[in-house]
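**Q** task: produce atomic coordinates for the following.
(one chain, ligands or ions: 3)
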Amino acid sequence: MATPPKTASGRDQAVPRHVAIVMDGNGRWAKRRFMPRVFGHKYGMETVVRVIDDCARRGIEYLTVYAFSSENWKRPDEEVSGLMNLVLVGVSKYLTRLAKDGIRIKVMGDRTVVSEKVRQAWNEAEELTKNNPGLTLTVAFNYGGRWDIVQACKRALADGVAPDALSEDALSRYMALAHAPDPDLFIRTGGEVRVSNFLLWQVAYSEFYFTDCLWPDFDAAEMDKAIAAFASRERRFGGVPAAAPSNEASSA
Ligand code: IPE
Ligand code: IPE
Ligand code: MG
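**A** Residues are numbered from 1 along each chain as shown. Ligands and ions are numbered 1, 2, ... in the order given. Predicted structure coming up:
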């Protein structure tokens with residue numbers, strides 16, 4: 001069989017350029033092991049690091065992961081503080097290695113209300129990796145799709161963008177993912193079939209893939225399945241199916 005053509009980044013054309021993931025199921029994974037939910041989040045963090053490596057190896061250029069939603073503050077204090085603490089643990093354990101591997105890290109979400117320590121950890125991760133040429137990892141933290149649309153509108157207004165000048169392209173430049181193309185593939189683990197206020201604006205034409213696999217169990221074989229599903233889809237963006245080879249001309 002012929003090898004599929006490669007893009008400049010070494011990515012097969014059947015592989016999405018931008019993958020976004022709702023990493024769900026950590027709590028249930030822990031519960032099945034009679035462990036506290038935070039134990040599941042800890043394993044979930046190890047999974048993200050493996051998935052970053054796996055995506056980079058596949059030539060995926062952008063990976064965007066939902067780590068903490070605007071709504072996750074509703075969880076018990078102990079779980080929220082466990083998740084905040086994991087940011088500090090993750091940055092101190094993995095930042096140097098990810099930076100060395102050329103990963104560029106971006107964080108999106110409302111950083112004004114997180115603790116100074118967490119803010120500093122995210123700032124350090126962004127600063128240290130900002131010129132890296134490899135995969136762009138965007139971590140959605142205290143992020144909500146509705147927050148994103150509102151913050152983009154506020155910044156556009158503050159910049160003096162006139163109503164007539166406000167177009168989809170103009171507003172996109174103010175969205176938190178302005179540094180990336182829209183996601184091609186949207187994955188949600190954990191069995192729920194919903195968006196939970198993730199990238200509302202940016203998923204207009206993403207392909208969705210839902211799996212029962214709980215996030216800590218997600219691995220390269222699961223990613224193979226998601227990418228195979230993506231490769232089997234025909235993306236039409238509102239157009240008509242690509243024309244099949246026709247013999248109209250010869251039969252006319
Ligand atoms: C997703 O896993 C991770 C975060 C929301 C931080 P959950 O904690 O939602 O896991 P389940 O859905 O309760 O199993
Ligand atoms: C979405 O998962 C948020 C993250 C994965 C960070 P949730 O577990 O919070 O979503 P719901 O509550 O099931 O919709
Ligand atoms: Mg959940």
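**Q** and for the residue nearest to residue 225 when sequence neighbours are not counted, the neighbour number?
**A** Leaving aside its sequence neighbours, residue 225 sits nearest to residue 211 (CB to CB, 6 or more residues apart in numbering; 7.2 Å). (Each C-beta comes from the backbone N, C-alpha and C, glycine too.) For residue 211, the count of nearby residues is 19 (other CB atoms under 10 Å).
**Q** residue 211 contacts residue 224, correct?
**A** No: applying CB atoms under 8 Å as the test, residue 211 and residue 224 come out as separate, 11.7 Å apart.
**Q** what about the residue nearest to residue 225, distance to residue 184?
**A** According to CB to CB, to the nearest Å, residue 211 stands 17 Å off from residue 184.
**Q** which positions in the stretch 101-250 of the chain make contact with ligand 1?
**A** Contact residues (CB under 6 Å from any ligand atom) of the stretch 101-250 of the chain with ligand 1: residue 190.
**Q** now the stretch 101-250 of the chain against ligand 2: closest residue?
**A** residue 196 (3.7 Å; CB to the nearest ligand atom).
**Q** quick one: contacts for that residue?
**A** Contact analysis of residue 196 by CB atoms under 8 Å, 6 or more residues apart in numbering lists 22, 24, 66, 69, 71.
**Q** surely the third one meets residue 203?
**A** No: contact between residue 66 and residue 203 fails when scored by CB under 8 Å: they sit 11.8 Å apart.
**Q** more crowded one of the two?
**A** Between residue 66 and residue 203, counted using other CB under 10 Å, the more crowded position is residue 66 (25 against 16).
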